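*Asks:* predicted model follows, preceded by the sequence.
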Amino acid sequence: MTNTLIKEVKTAFLKEFKTAPLLIFSPGRINIIGEHTDYNDGFVFPAAVNKGIAAAIEKSDTGQSTAIALDLDSTIEFNLDTLKPSKEGSWENYVFGVVAEIQNRNKTIGNFNIVFKGNIPGGAGMSSSAALENSVVFGLNELFQLGLSKEDMILISQKAEHNYVGVKCGIMDQYASMFGKKDHALHLDCRTIKSKPYKIDFKDHQLMLINTNVKHSLSDSAYNDRRSACEAISELLNIKALRDAKEADLETVKDKVSPENYQKALYVIQENNRTIKAAKAIENNDLETLGALIYQSHEGLSSQYKVSCDELDYLVAQAKQNKHVLGARMMGGGFGGCTINLVAKNEAEAFAETASKAYKKQFDKDCSVYFIELSDGTHLVK
Ligand code: GLA
């Protein structure tokens, strides 16, 4: 699957630019648990997957740069000296943003051409954007020998998202996409930006994604609003981030915050604790506990943090009706995208079929099921 993508971008690059490019694969990610905790300096538990973005990149000697999004059949030519964000929602902002952030670090790059294509549907909550940003920064670092570390690169990708895309995201997606490790999930401390890899072998269980195939609008502004609310409460509590708060601390400012924001902060504190407990459950091979934590996470995301939607809630309810699914929850920023399900291996297909049929009946729309493999992070393809 990945090989086909790589061949496609290579062929398209050769056809268009007549030189052999560097080839990069940059994966998307899943997240077992720990949602909306990253920008609160908390813990998350993501893994890179075998789906993502393939990019072909090489220097250009024509005096200008070109980026081609093969899936969209869209080409843009640009000048490195006059970059500014394109209109909201444009794919080129991911490319421009990375270039601009590299330049902000006083690193010099020359013109380049890039062709990319992905196999993560946009809006799936699997971080196709981080995969793209990382592929661009990784490619430019190689091409122009910028000497950036992987840590530098993910911070550049994150800033690109903040300043060019307009989403004040945390570091989870870029980290997981860059540092992913085959067969492992990464228990990441978003304050220190250091992670502990956990080998994920659930024996007779597995992780499975179901994509609602919806992405409700306003998700970006809702995301930024939640981040601001969390920061405002941290300030009230006189702490750096909600990661430093206990439930009892929150009680002390209860009358100073709205009931809605109180619930949001409470969710973050609880989710952070769940993420730590989930790591213990995996260490102990205790999948029942892991599954229960995953269900609790969804409950919190839906009723406290309010980032779910009917389609996600419906798929989680379907999972709850099936005793072979130990846990299910929405994954990523929310308002659409995928649920992640911890399901018995020999029952996964049957559950996928039942849930898909029910979903179609309920929403007159198809959902998509993905069986994923945990994979290595952004890398050069030889
Ligand atoms: C998006 C953001 C991440 C993270 C998740 C929610 O994917 O890019 O930084 O905040 O939402 O956990």
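*Replies:* Sure, I can see it.
*Asks:* distance of residue 240 from the ligand?
*Replies:* Distance, residue 240 to the ligand, by C-beta to the nearest ligand atom, to the nearest Å: 17 Å. Every C-beta, even on glycine, is put in place using the N, C-alpha and C of the backbone.
*Asks:* how much space separates that residue from residue 346?
*Replies:* 47 Å (C-beta to C-beta, to the nearest Å).
*Asks:* kindly report the same for residue 67.
*Replies:* Counting by C-beta to C-beta, the gap between residue 67 and residue 346 amounts to 45 Å.
*Asks:* now swap in residue 212 and tell me
*Replies:* Going from residue 212 to residue 346 by C-beta to C-beta gives 25 Å.
*Asks:* can you spell out which helices and strands pack onto the lengthiest helix in the chain?
*Replies:* Longest helix in the chain by number of residues (criterion: DSSP state H): helix 259-283. Judged by 3 or more C-beta pairs under 8 Å, 6 or more residues apart in numbering; DSSP states H and E, helix 259-283 is in contact with strand 43-44, strand 194-199, helix 219-237, helix 247-251, helix 287-299.
*Asks:* next, see if the first one gets close to the ligand.
*Replies:* No: contact check for strand 43-44 against the ligand, using C-beta under 6 Å from any ligand atom: none in range, with a minimum separation of 6.6 Å.
*Asks:* what's downstream of that strand, the next helix or strand?
*Replies:* strand 46-59 (DSSP states H and E).
*Asks:* report all helices and strands that that next one contacts.
*Replies:* Counting by 3+ C-beta pairs under 8 Å, 6+ apart, the packing neighbours recorded for strand 46-59 are helix 2-17, strand 22-31, strand 112-118, helix 128-143, helix 172-179, strand 184-189.
*Asks:* quick one on the thing from earlier: list the buried ones in the longest helix of the chain?
*Replies:* By neighbour count on 16 or more other C-beta atoms under 10 Å, the buried set for helix 259-283 is 261-279, 281-282.
*Asks:* what about the stretch 151-300 of the chain, any weak spots by pLDDT?
*Replies:* For the stretch 151-300 of the chain, the stretches flagged by pLDDT under 70 are 218.
*Asks:* the ligand contacts on that one?
*Replies:* Proximity of the stretch 151-300 of the chain to the ligand (C-beta under 6 Å from any ligand atom) is limited to residues 169-170, 172-173.
*Asks:* touching the ligand at all, stretch 318-330?
*Replies:* No: using C-beta under 6 Å from any ligand atom, stretch 318-330 stays clear of the ligand, with a minimum separation of 9.7 Å.
*Asks:* chain center to that stretch, what's the gap?
*Replies:* Its chain's average C-alpha position is 22 Å from that of stretch 318-330, according to C-alpha atoms, centre = their mean, to the nearest Å.
*Asks:* could I get the CA-only coordinates of it as PDB?
*Replies:* The C-alpha coordinates for stretch 318-330 follow below in PDB (Å, rounded to 0.1, in the frame of the first residue of the first chain):
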ATOM      1  CA  GLN A 318     -22.500   0.200  19.000                       C
ATOM      2  CA  ALA A 319     -19.200  -0.900  20.500                       C
ATOM      3  CA  LYS A 320     -20.700  -0.900  24.000                       C
ATOM      4  CA  GLN A 321     -23.400  -3.300  22.900                       C
ATOM      5  CA  ASN A 322     -20.800  -5.900  21.800                       C
ATOM      6  CA  LYS A 323     -19.200  -7.800  24.600                       C
ATOM      7  CA  HIS A 324     -16.100  -8.500  22.400                       C
ATOM      8  CA  VAL A 325     -15.200  -4.800  22.300                       C
ATOM      9  CA  LEU A 326     -13.400  -4.000  25.500                       C
ATOM     10  CA  GLY A 327     -13.200  -0.200  24.800                       C
ATOM     11  CA  ALA A 328     -14.000   2.400  22.200                       C
ATOM     12  CA  ARG A 329     -13.700   6.200  22.000                       C
ATOM     13  CA  MET A 330     -13.400   9.000  19.600                       C
END
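*Asks:* buried residues, it. List them.
*Replies:* For stretch 318-330, by 16+ other C-beta under 10 Å, it's 318-319, 322, 324-330.
*Asks:* give me the nearest residue to the closest residue to the ligand within the stretch 201-350 of the chain, chain neighbours excluded.
*Replies:* Nearest to the ligand, among the residues of the stretch 201-350 of the chain, is residue 333, at 3.4 Å (C-beta to the nearest ligand atom). Nearest residue to residue 333, sequence neighbours excluded (C-beta to C-beta, 6 or more residues apart in numbering): residue 223, at 5.5 Å.
*Asks:* look up how far residue 54 lies from that neighbour.
*Replies:* Residue 223 is 27 Å from residue 54, by C-beta to C-beta.
*Asks:* ok, those two, which is more surrounded?
*Replies:* Using other C-beta atoms under 10 Å, the more surrounded residue of residue 223 and residue 54 is residue 54, with 26 against 21.
*Asks:* go ahead and confirm that one touches residue 22.
*Replies:* No: at 11.5 Å, residue 54 and residue 22 do not qualify as touching, with contact defined as C-beta atoms under 8 Å.
*Asks:* and the spatially most central residue of the chain, what does it touch?
*Replies:* The chain has residue 127 as the residue nearest its centroid, 3.3 Å off, counting by C-alpha atoms, centre = their mean. Listed by C-beta atoms under 8 Å, 6 or more residues apart in numbering, the contact partners of residue 127 are 28-29, 120, 173, 176-177, 332.
*Asks:* can you redo these as CSV with neighbour count?
*Replies:* Listed next are those as CSV, based on neighbours: other C-beta atoms under 10 Å:
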residue, neighbour count
28, 31
29, 34
120, 23
173, 30
176, 31
177, 32
332, 25
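*Asks:* thank you kindly, that will do.
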